[in-house]
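*Asks:* dropping a prediction and its sequence here:
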Amino acid sequence: MASAVKQGKFWYGVFYDENHKQKWVKGYTDKASTVQMAQEMEAKARAIKIGQVDPIVQQEQQDRNKPAEYHIDKYETHLRSNGCSANHISYTIADIRKAFAFAGVKLAAQFTLDHLNAWVVTLTADSQRTINRRVGSVKAFLKWCHGKGIVSKYLLNAWKKRKVKGTEKRKCRHLTAAEVSKLLKGTTDAERRDVYKFALLTGFRFSEIGSMRPESFNFKEMTITVSANDAKNKAKAQHIPLNPDLLKMLKARCKGKALEDRIFTMPERTAAAKLLRDDCEASGINTARVMFHSLRHTFITRLAESNIHPSILQELARHSTLETTLQYYVHFLQADKVTAIGMLKAG
């Protein structure tokens, strides 16, 4: 039976929840109001216990009434637990807060496509280059809210990315077989040479190389695994076969290390790109359009030159679509086209 107990200036409602555990909830300075509150809570608990109210539905209803700021804090924790970088988390959360402040809404469910479009107008006047990134932050947050039942409908699918000046991807070139040979022979730093060789024979991205640990390798099955947290696509872990030419070097780097220790000491990303260009220049390689990602482009292009099936090429590149692989990562020279034409016979 719900009741009230006075503690200092306030009365506390006392009732039993659906698990028959006694609960004390701070009420009012008025006893009658506090008793009524406790009776309502006890009635809800009784309804849940006999199955008249779904506790999950009730929790979702309670969550919808919590301020958007509460859920933004939870989303920040979610990003951190997924291994996102501090910089990514910082600008993502800042974008979300700015969007909600502009809309002037208190609840996540109150944010609409109209609010987003109005915010984009102000962003366009400020800086067009960051529009897609900022809107992407808000869309990702509301999609997360939808998955949690905080937002009943996800309404932002209708918003499409804008084509804006200044966001075009820099054209990155691959290295020819002769250039690869020069680079590996000309790089005097042993660890950098190992990193280059690993990138050229796996196609792994900069961050993925830095994430490699002894536990990433199965030398018996000859496979390499990129964990879901370390992969670009966070949906699942990714696996590729281990090139035998890497076996001796990787075993040496894993020796004496704990399973969770990193096997490569990677510099900051821009520093790594500069070091690669320095090594290319020292090896007599033209550094125009060469960046660290060139090593991944080289891996994919050399696979394509081996005439493997496009679907296998896509899987080894770990791209979600074949279009991405062929349009952005496979590079052919005019000589390749001439050779291809020369292979055709009239009869």
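*Replies:* On my side now, so go ahead.
*Asks:* which ones are touching residue 134?
*Replies:* Each residue near residue 134 by CB atoms under 8 Å, 6 or more residues apart in numbering is listed here: 95, 98, 99, 123. For the C-beta atoms, the positions are set from N, CA and C on the backbone; glycine is no exception.
*Asks:* pLDDT below threshold where in the stretch 51-200 of the chain?
*Replies:* 51-63, 125-128, 155, 157-158, 164-170 (pLDDT under 70).
*Asks:* got a winner among the contacts of residue 134 for most neighbours?
*Replies:* Highest neighbour count within those: residue 99, with 23 neighbours (other CB atoms under 10 Å).
*Asks:* quick check, nearest of the contacts of residue 134 to residue 186?
*Replies:* Set against residue 186, the nearest of those by CB to CB is residue 95 (43.4 Å).
*Asks:* on the three-state scheme, that closest one is what?
*Replies:* helix (DSSP: H, G, I helix; E, B strand; the rest coil).
*Asks:* my guess is it contacts residue 139, does it?
*Replies:* No - Residue 95 is beyond contact range of residue 139, at 10.3 Å (criterion: CB atoms under 8 Å).
*Asks:* re earlier: list just the nearest of the contacts of residue 134 to residue 105.
*Replies:* Nearest to residue 105, judged by CB to CB, of the contacts of residue 134 is residue 99 at 9.7 Å.
*Asks:* for residue 109, see how far away the closest one is.
*Replies:* Separation of residue 99 from residue 109 (CB to CB, to the nearest Å): 14 Å.
*Asks:* likewise residue 44?
*Replies:* Taking CB to CB, one finds residue 44 at 22 Å from residue 109.
*Asks:* ditto for residue 6
*Replies:* Distance from residue 6 to residue 109, by CB to CB: 38 Å.
*Asks:* of these two, which one has the most company?
*Replies:* residue 109 (20 against 12).
*Asks:* who are the contact partners of that one?
*Replies:* Contacts of residue 109 by CB under 8 Å, 6+ apart are 64, 145, 150, 151, 152.
*Asks:* what kind of secondary structure is the third one in?
*Replies:* I take that to be residue 150. Going by three-state DSSP: residue 150 is coil.
*Asks:* how many residues are close by it?
*Replies:* Applying other CB under 10 Å, we find 22 residues neighbouring residue 150.
*Asks:* tell me which element the closest residue in space to residue 175 that isn't next to it in sequence is part of?
*Replies:* Once flanking residues are discounted, residue 175 sits nearest to residue 298: 4.7 Å by CB to CB, 6 or more residues apart in numbering. When elements are assigned from DSSP states H and E, residue 298 belongs to helix 294-305.
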